Each structure stands twice: as C-alpha cells, then as structure tokens.
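**Student:** coordinates only, sequence not included:
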Ligand SMILES: *[C@@H]1O[C@H](CO)[C@@H](O)[C@H](O)[C@H]1NC(C)=O
Ligand SMILES: *[C@@H]1O[C@H](CO)[C@@H](O)[C@H](O)[C@H]1NC(C)=O
C-alpha cells in the first residue's frame, strides 16, 4: 500500500533530519589545516585539461561576451534602473511578471496592501503560466508570508520549478536552503501537501510524483551534494561576470547597522555624488590633482561608494590622470582597452599602457602583461616563459593576481610541469589576499578532491562566498539606495529578497530595519500589514538565519528573544544555546549572559564557579564591560558567602530590573565615566548587610551564645579588582 510506504519515509526522514540538526548552526570559517593539504594524492591529479574553461584564466575579456540580463535572467533591474535599455516584453507572462513586481515594489514604497494583493495576483498568474521568474517571485512571497500564508514547502517548490526554468536567484535560494540542511523541516511539510493532494487531477498527480521523486532524492542523498552543485554553478557564473584581472571590486552588501545602532559611517560613504567627501574629491580633481582623478575614475569604473558604474566618465578621468603621469591610471587604461569597456578593444594599446605602468614600479601591471603573453594578444607571439616571468614578478611583489595566475599555470601545466600541490599553494596565497577567483579554485579542489582533501562543506562555503558576488548582488545596491532615500519599505523588501538568497548581511539588515522602524518598514503580512506576531516571527527568523551564519549580534538577539520570550516562547535552554554560539565568537555580552544564567541556574546548571569564569572572560574581552561585570561579581560574591540569606532573595528579585539596569549602566554610567552608581550599589549592599547582621545579632542574643558571623571585611573586594 502506498500510504504505508509514505509513513515509512516519513519516519526515516525524520531520523535523517535529526542527524543533521547538530551540524546546522556552525559558522563558516576558512581555516586550512595541514590536514587539508597533505592528503592530496598526486596520482589523482591526472590531467583534466579538457575542462580548461576560459573562466580559469584571470582574464580581462570574457565578461562582455555575456550581458548581465543573460547572467541573471528575470532580474528586477528594469524596475530599479529603468534607464538601462528596456527590451519590450517578449511574452504576456513576462509583461505580467514585470507589472506584478513593479506593483509589489510600489506597494511597499507607498504602504498600500491592496496594491500588494494585485501584485501577488499578477505574479501568481504569470507563474501559473509556467514563467520561471514569476515562480521565483511567488516563492519569495510564500517564504515571507506576504499575501499568502507563510509556507516554506511551497516556497521551496516554486523555487525548485523556477530554478529548473533557469532563474538564478531561485538557484541561490535553493542552494542556501540545502546548505542550511533546512530541507528537512521543509520536506516534512511537503509531506502534508502531498497527502492533501491525494488522488486529484492528472496534473496534480504528476506534481505529487515529482515531489515524491525529489523527496526520495533528498532522503537518500547527502544534502551538501545538492548545495555544492548549485553553488558551483552559481560561482562559475559569478566568476565569469567579474570585470578585470585585478581583484574584482568588493561589492559586498553594506551593513547598515552596527549592533543596535545605525552604521552612520558606512552609510555616509555610500551616498554617491551627494557625499561631501566625494564632492571635495571631485573639486580637487577638477583643480588638477592626479590622485583625486584616479580615485574618482575608480569609483565610476567599479560603481563604488554608491555611484552608478559609468565607463565613459571613468575613461575620461583616467585619461586626464595619465597626462599627469599617474601610474595606476595607466594600468586601468590598459585594462579598459583590453576589455573594450566603453571603448573599442585594442590589445596593442592595452599592452602599451600596461608596460608604461610597469615601468613605474606598478607590479600588478606585470600580471596583465603576463596574461597578454599567455594569450598572445597585443604582443608578437605567445610566450609562456615570459608570461610566467611576469606573473612571478607580480607575485613577488604581493600581487594576488600574480599568485592566482601562477596557480593556474601549475594547475593546467601551461609552460611548466603540472603540479597540483604547488598550484594549490599559490591559490591559497591569493585567497588570503582576498582574490575571489582563488576562492573559486580552492572550492573546486575541495569539491573534486584534486589538490585538496575532499570536503563538501568547505567547498560549499567557498563557492557561496564567490556566488554571492554574482550579478544578483545588485539587489543590495538598490536596497541601499532606497534606504538612503528614506524609502525604508523598499529597502526592507529588497533585503528580504536577498535574505532568502542567503546573504547574511541582508538578513541582519532586514531584521534590523524591522526592529528599528516598525510600521515604517511596511512589512506586509498574510493580509494587510504585518500583525505584531508576524513581524516578531519574521524578525526572529531573519536574526536566526544571520546568527547561523556567524553573526554574533544576531546570536545575542536570538538569545534575548528566547530569554525574554519575544516573538517566540520563553526557552532558557535555547537562550543559553544562542548565547554560547555568540560566545564562541568572543562576544562579551554573551559571556556575561551565560555567567548570569549559570549564576541563576536558568537554562544552564546552577554553577557559581562557572558563572564567575564567564564574567571574568567577558571582562577580558571587553574592558568596557567592567561595570556590569563588577556588579555581577559583587552579587555573585554575596550569593556565595551568604547562601539563603535575604540578600540572595533580593538579588534574585533583580532579574526583571536587571536588563534595564544593565542598559542604563551602559548608557549613563559608561558614558559619564563616573563611579557614583557603583558606589551607591556597594553602599546599598553594605547597608543591607549591616541590617541583616543586626537582625542576626538580635536573634543570636535571643538564642544566646550563638557564634556571630564575622562581618565581611572584603565586601568590596570583588569590586575593587
Ligand atoms: C590599436 O592601437 C594601435 C597603437 O595605438 C594603433 O596603431 C592601431 O591602429 C589600433 N588598432 C585599431 C584596430 O584601432
Ligand atoms: C620567450 O621568452 C623568453 C624569456 O623572455 C625568451 O628567452 C624566449 O626566447 C622567448 N621565446 C620565444 C619563442 O620567443
């Protein structure tokens, strides 16, 4: 009978999912140990030269063979950058999809739940027509619970269909889901859907069969396998979209908050042409300052600091700078001619500019020249020996690109004897300098076990880093632009979308916006604006994901949420778990909280020694925590020495007051830097103690002959330390 087999799967799947539970909350850290390296069996290093794809080369040219629309189909770019060429929609579904997304964005901008309903209806209609990008957007709505009941299983399903239809953002979302090993719970609810759909129409049976197949696949296969494959594909697209031979620009999402506060410094630097610093720089450049010209050129070339990328302006500034003999602009001109970015490609000119730059001791230019020699572009003849010499020159002078290209030469055996181990070493050198393509190569080595010991979680983590720099990261630019314009609702929506794709910074940004701006974040729920419960849940889940990915502030907030029962049920044990997680990242606050929990036996065993150790550690890490720690130590001391006295009761009644007091202590006292309050607290304790002693005296006198406890001479001792 079918039903019974289903039951069986259900059960075994559940066990399977438990196995993974322990592995979920580990943050990703790239630490290569000797162990990773030594075990590379050289025999496994047979030549796989057939796979030498163009993306392996740290090269200039290939990004313009594919346009961004092809790399990230269904992108929301036409909505946020309408000036970029807007092709007429090819199909009705496409038209409906873009109309739907536009309405969705307008709805959160103006706070119009009705419009959101309309948007969702259009997106759903386009999705029903099988249009993959609409399915992706619908997956997003289900994931968030916007105008639909929140449903991870349905979200997963739509992303699955969309990914099969070629939507890259859904691939990101799926890869992230798989890598979280979060599919287990998703699939348990998929089970429900499956059973609900029992014996329906032909199409639905088909869907059920598909789901079942998927279900089995997941059941029996290691989920990293899925994650690693998707991320590998995405990382390759990302690597191909990188612009130039030097490090690709770090267009990482900007963290708009700093702990609980707005990150004013980062925001100020992202205001593009409106930033005062930028205006000053521009003024200096106009006055003829070559360095300023170069900097502005760079900002436009990469689209940094909140500026839109503009190759024409970049070229014009670089050209002015080279007239003044500015060497880095020469190198950039070399790149621009090699890529044909905004100009006609001309390798001869590229080589000339690079050579000029290299003469000015600009060693990264050697890397570009080496590349032209490998390819035989703009030079007399291909010459690998010469290329290698140039790469070495760059590498010797701390140029990551040189290390990377040497790595590729050894990996492929170009101009040298193939040596995977050596290649790996060069990649590690380059990766440590932040070369994203080197991350990609190392990920491939972990993935295939060639050069490095097979390690799928590591491969997944590295691929993810690279994949997150793909063209879909432009979401973060639009989000930040919206935020800076004060359009918090739009920013929240965009960060939420990125959160779904697995960007930690976006997860914490979205959660922070929700916490900070409340109703202004235009959080849309199942019907109309989010209810309190819905916002709490959404913030909680966003913080949770960020915390899983190693965000210590998030871990701390999660701990607090469980501790105080905000947005979730009060659960001291989970609170302790979250604090421990934050503690593993050396968070003083988390250590303090752990100490506090040990002291009170909440969620953690009652253990005063451990409590003291945590307090001490907190102090070690963050000297600014001195006051709260001192207070805590004082109360700990009382607890230790006066068990069962009324003072302990008094301290036990503090927890409700405590968080407030702590915040107050931090804000008021730390800033004013005086110890008045501390003195008062100690006085209070002393008075209380003396009263207690008097009482005991009285009792003792009544009982006659009892030994009177000695007054604690060192009452202030823990404070004084
Ligand atoms: C490329 O640049 C060189 C040197 O500046 C020049 O002689 C040549 O005509 C250019 N080629 C093209 C196709 O424009
Ligand atoms: C390649 O370059 C090396 C070193 O610069 C030189 O000795 C050699 O003759 C060149 N080979 C060819 C084929 O030009």
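**Tutor:** Thanks, I have it. Just so we're clear, the structure is a prediction, and the values are computed from it rather than from any experiment. Ligands and ions are numbered 1, 2, ... in the order given.
**Student:** so for stretch 398-414, mean pLDDT?
**Tutor:** For stretch 398-414, mean pLDDT rounds to 89.
**Student:** so which bits of it are buried?
**Tutor:** Under the neighbour-count criterion of 16 or more other Cβ atoms under 10 Å, stretch 398-414 has 399-414 buried. Placement of C-beta: from N, CA and C, glycine included.
**Student:** ok, stretch 270-280 next?
**Tutor:** Neighbour-count burial for stretch 270-280 [16+ other Cβ under 10 Å]: 270-272, 275, 278.
**Student:** now those residues as TSV including pLDDT and secondary structure?
**Tutor:** Formatted as TSV, the buried residues of stretch 270-280 follow (pLDDT from 0 to 100; DSSP: H, G, I helix; E, B strand; the rest coil):
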residue	pLDDT	secondary structure
270	82	coil
271	81	coil
272	80	helix
275	83	coil
278	90	helix
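**Student:** looking at the residues you listed, which one is closest to ligand 1?
**Tutor:** Ligand 1 has its nearest neighbour among the buried residues of stretch 270-280 in residue 278, at 32.8 Å by Cβ to the nearest ligand atom.
**Student:** what sits against the closest one?
**Tutor:** 271-272, 296, 299, 305, 307 (Cβ atoms under 8 Å, 6 or more residues apart in numbering).
**Student:** and the residue nearest to residue 164 when sequence neighbours are not counted, how many residues sit next to it?
**Tutor:** Among residues not flanking residue 164 along the chain, residue 132 sits closest, at 7.4 Å (Cβ to Cβ, 6 or more residues apart in numbering). Per other Cβ atoms under 10 Å, the neighbour tally for residue 132 reads 23.
**Student:** now residue 434
**Tutor:** 12.
**Student:** in what helix or strand does it lie?
**Tutor:** If you go by DSSP states H and E, residue 434 is not part of any helix or strand.
**Student:** pLDDT below threshold where in the stretch 1-150 of the chain?
**Tutor:** Across the stretch 1-150 of the chain, the ranges flagged by pLDDT under 70 are 1-68, 83-87.
**Student:** helices along that one, start to end?
**Tutor:** Along the stretch 1-150 of the chain, counting by DSSP state H, counting those that start in this stretch, helices occupy 2-21, 34-38, 68-71, 77-80, 92-110, 113-128, 132-144.
**Student:** report the mean per-residue pLDDT for stretch 543-554.
**Tutor:** The average pLDDT for stretch 543-554 rounds to 80.
**Student:** get me the contact residues on the protein for ligand 2.
**Tutor:** Within the chain, the positions near ligand 2 by Cβ under 6 Å from any ligand atom are 381, 383, 385-386.
**Student:** the residues you listed: which two are farthest apart?
**Tutor:** 381 and 385 (11.2 Å; Cβ to Cβ).
**Student:** these two: which is more packed in?
**Tutor:** residue 385 (10 against 7).
**Student:** what about the more buried one, which SS state?
**Tutor:** Three-state assignment for residue 385 (DSSP: H, G, I helix; E, B strand; the rest coil): helix.
**Student:** in terms of contact, does it touch residue 416 like I think?
**Tutor:** No - between residue 385 and residue 416 there is no contact, the gap being 9.3 Å when judged by Cβ atoms under 8 Å.
**Student:** and stretch 298-309, what's buried?
**Tutor:** 298-307, 309.
**Student:** just stretch 551-568 next, same as before
**Tutor:** Under the neighbour-count criterion of 16+ other Cβ under 10 Å, stretch 551-568 has 551-563, 567-568 buried.
**Student:** pLDDT weak spots in the chain?
**Tutor:** 1-68, 83-87, 181-223, 242-252, 566-568, 581-588, 622-721.
**Student:** mind giving me the domain ranges of it?
**Tutor:** As assigned by automatic domain parsing, the chain contains the domains 2-27+61-241, 257-463, 586-721.
**Student:** and the closest residue to ligand 2 within the stretch 451-600 of the chain, how many neighbours?
**Tutor:** Residue of the stretch 451-600 of the chain nearest ligand 2, by Cβ to the nearest ligand atom: residue 451 (28.0 Å). Neighbours of residue 451 under the rule other Cβ under 10 Å: 28.
**Student:** assign it to helix, strand or coil.
**Tutor:** Under three-state DSSP, residue 451 comes out as coil.
**Student:** phi, psi for it please.
**Tutor:** Dihedral pair for residue 451: phi 90, psi -30, per degrees, to the nearest 10.
**Student:** any idea how far it is from residue 427?
**Tutor:** 8 Å (Cβ to Cβ, to the nearest Å).
**Student:** OK, contacts around the closest residue to residue 124 other than its chain neighbours?
**Tutor:** Closest residue in space to residue 124, ignoring its immediate chain neighbours: residue 138 at 5.8 Å, by Cβ to Cβ, 6+ apart. Residues near residue 138 by Cβ under 8 Å, 6+ apart: 120, 123-124, 127, 158.
**Student:** point me to the residue of the chain nearest ligand 1.
**Tutor:** residue 346 (3.7 Å).
**Student:** pretty sure that residue is touching residue 336, no?
**Tutor:** No - contact criterion Cβ under 8 Å: residue 346 and residue 336 do not qualify, at 9.8 Å.
**Student:** of these two, give the one with the bigger neighbour count.
**Tutor:** With other Cβ under 10 Å as the criterion, residue 346 and residue 336 differ in neighbour count, and residue 336 comes out ahead with 27 against 15.
**Student:** wait, doesn't that one sit right on residue 311?
**Tutor:** Yes - with contacts counted by Cβ under 8 Å, residue 336 reaches residue 311, the gap being 7.3 Å.
**Student:** can you tell me the element residue 370 falls in?
**Tutor:** Per DSSP H and E: helix 364-375 holds residue 370.
**Student:** and what of residue 328?
**Tutor:** Using DSSP H and E, residue 328 falls within helix 327-339.
**Student:** by contact count, what packs against that helix?
**Tutor:** When contacts are defined as 3 or more Cβ pairs under 8 Å, 6 or more residues apart in numbering; DSSP states H and E, helix 327-339 packs onto helix 290-302, helix 311-323, helix 347-359, helix 364-375.
**Student:** what's the last one in contact with?
**Tutor:** Going back to what we said before, that points to helix 364-375. With Cβ under 8 Å, 6+ apart, helix 364-375 has contacts from 57-60, 245-246, 330-331, 334-335, 338, 347, 350-351, 354-355, 357-358, 378-379, 382-384, 386-391, 393-394, 399, 401-402, 405, 414-415.
**Student:** that older thread, now render the residues of the chain next to ligand 2 as TSV, adding distance to ligand 1.
**Tutor:** As requested, the residues of the chain next to ligand 2 are exported to TSV (distance: Cβ to the nearest ligand atom, whole Å):
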residue	distance to ligand 1
381	18
383	20
385	25
386	20
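**Student:** and residue 572, how many neighbours?
**Tutor:** As a measure of burial, residue 572 has 17 neighbours, counting by other Cβ under 10 Å.
**Student:** which residues touch the nearest residue to it once chain neighbours are set aside?
**Tutor:** Distances taken as Cβ to Cβ, 6+ apart put residue 603 closest to residue 572, at 2.9 Å, once the chain neighbours are dropped. By Cβ under 8 Å, 6+ apart, residue 603 lies in contact with 563, 571-576, 597.
**Student:** also within reach of ligand 1: list those from those residues.
**Tutor:** Answer for the contacts of residue 603 near ligand 1: none qualify (Cβ under 6 Å from any ligand atom).
**Student:** filter the residues you listed down to the buried ones, ChimeraX style.
**Tutor:** The ChimeraX command for the buried members of these (criterion: 16+ other Cβ under 10 Å) is given here:
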select :563,572,574,575,576,597
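**Student:** of the contacts of helix 364-375, buried ones?
**Tutor:** The buried subset of the contacts of helix 364-375 (16+ other Cβ under 10 Å) comprises 57-60, 245-246, 330-331, 334-335, 338, 347, 350-351, 354-355, 357-358, 378-379, 383, 386-391, 393-394, 399, 401-402, 405, 414-415.
**Student:** can you tell me which of the buried residues of stretch 270-280 is nearest residue 503?
**Tutor:** For the buried residues of stretch 270-280, the nearest to residue 503 is residue 270 (16.4 Å; Cβ to Cβ).
**Student:** how much space separates the residue lying closest to the closest one once chain neighbours are set aside from residue 165?
**Tutor:** Computed as Cβ to Cβ, 6+ apart, the closest residue to residue 270 that is not its neighbour in sequence is residue 306, at 3.9 Å. Here residue 306 is placed at a distance of 33 Å from residue 165 (Cβ to Cβ).
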